[in-house]
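Undergrad: sequence isn't available, so here's the structure alone:
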């Protein structure tokens, strides 16, 4: 099942950002360190042009440290991009962002003409918490759910940099489709937009392939299950997620697994690798090309039939 979530305010946010972008000196884009590719909005590169961009891998405390470093190196291959991991647990690191912004603005005297930065990110990536830390006061509303911020606001920071806060927005079609699942697993999509059992099975399959030892330890399993469905069944048995008929309560056990993953109860883990997403993108592009080819054939055949019927 393809997962998409693009409410009306996100379309407006994209238009508003496009209007303001020419006035911006530096962009701060927050990514979720657990899913750096899936949380990197493909619309940002098209909107920013050659404006310098700091890609912040936020929630790094919930991610696999080794994989985070690999993602930093991967992201910095992009022109004009600096990448660094951060967490709200270390506010002093967040404040260092201002120094980096100044560096990327060049030799400008900020006392004469202030700098202009824009902070962007998908829903529930921790943007509001970061803004409050940078400002040294509570300005942005925070919440552990997608879509808290609905409109732009400008915030004056201590070093004469004006920070424009923007609503978190996704993009109309989440592709490759795996991106939608990862965004849902980490809480970037409203929980009402998908079935928990769907994303739990996706997460279970990934965990068995990459973090089986963590799963075994967390849920007290004597051995690693053979597949994703069996893993949820075993967790369900140990956590009392059983229906009156003796079967597994799929929604309840799925919620347990996803909540544990979101809260870091399985340890720091990363749900994608650079190599993985390169393969997924190539596969998605090949599938789209094949669809386009079949559509062209269908359209040509329909056109030929129409022409024949008119004779």
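TA: Structure received. These numbers were taken from a predicted model, which means no experiment stands behind them.

Undergrad: ranges for the strands of this protein?
TA: Using DSSP state E, the strands of the chain run over 26-32, 53-58, 81-85, 115-121, 153-156, 161-165.

Undergrad: output those strands in JSON lines; the columns should cover mean neighbour count and distance to residue 137.
TA: Glycine gets a C-beta too; all of them are placed from N, C-alpha and C. Listed next are the strands of the chain as JSON lines, based on neighbours: other C-beta atoms under 10 Å; distance: least, C-beta to C-beta, whole Å:
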{"stretch": "strand 26-32", "mean neighbour count": "25", "distance to residue 137": "18"}
{"stretch": "strand 53-58", "mean neighbour count": "24", "distance to residue 137": "20"}
{"stretch": "strand 81-85", "mean neighbour count": "19", "distance to residue 137": "24"}
{"stretch": "strand 115-121", "mean neighbour count": "23", "distance to residue 137": "16"}
{"stretch": "strand 153-156", "mean neighbour count": "14", "distance to residue 137": "9"}
{"stretch": "strand 161-165", "mean neighbour count": "20", "distance to residue 137": "13"}
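
Undergrad: reformat those strands as JSON lines; add mean pLDDT.
TA: Below are these laid out as JSON lines (pLDDT from 0 to 100):
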{"stretch": "strand 26-32", "mean pLDDT": "94"}
{"stretch": "strand 53-58", "mean pLDDT": "95"}
{"stretch": "strand 81-85", "mean pLDDT": "94"}
{"stretch": "strand 115-121", "mean pLDDT": "88"}
{"stretch": "strand 153-156", "mean pLDDT": "84"}
{"stretch": "strand 161-165", "mean pLDDT": "87"}
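
Undergrad: mind checking which of those strands is nearest residue 242?
TA: strand 26-32 (33.1 Å; C-beta to C-beta).

Undergrad: from the chain's centroid, how far away is that closest one?
TA: When distances are taken as C-alpha atoms, centre = their mean, to the nearest Å, strand 26-32 is centred 11 Å away from the chain's centroid.

Undergrad: stretch 106-118 now?
TA: Worked out by C-alpha atoms, centre = their mean, stretch 106-118 lies 30 Å from the chain centre.

Undergrad: centroid-nearest residue for the chain?
TA: residue 39 (2.2 Å; C-alpha atoms, centre = their mean).

Undergrad: and it, what does it touch?
TA: 31, 32, 121, 122, 125, 183, 186, 188 (C-beta atoms under 8 Å, 6 or more residues apart in numbering).

Undergrad: for it, which non-adjacent residue is closest in space?
TA: residue 32 (4.2 Å; C-beta to C-beta, 6 or more residues apart in numbering).

Undergrad: just checking, that neighbour touches residue 186?
TA: Yes - assessed by C-beta atoms under 8 Å, residue 32 is found in contact with residue 186 at 5.5 Å.

Undergrad: got the contact list for the residue lying closest to residue 114 once chain neighbours are set aside?
TA: When the adjacent residues along the chain are set aside, residue 114 lies closest to residue 160, with 4.1 Å between them (C-beta to C-beta, 6+ apart). Residue 160 sits next to 110, 111, 114, 115 when contact means C-beta under 8 Å, 6+ apart.

Undergrad: those, buried ones only, as a PyMOL selection?
TA: Buried members of these, defined by 16 or more other C-beta atoms under 10 Å, are picked up in PyMOL with:
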select buried, resi 114+115
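
Undergrad: what is the nearest of the contacts of residue 160 to residue 278?
TA: Within the contacts of residue 160, the smallest distance to residue 278 is 35.0 Å, found for residue 115 (C-beta to C-beta).

Undergrad: gap between that closest one and residue 55?
TA: For residue 115, the distance to residue 55 equals 18 Å [C-beta to C-beta, to the nearest Å].
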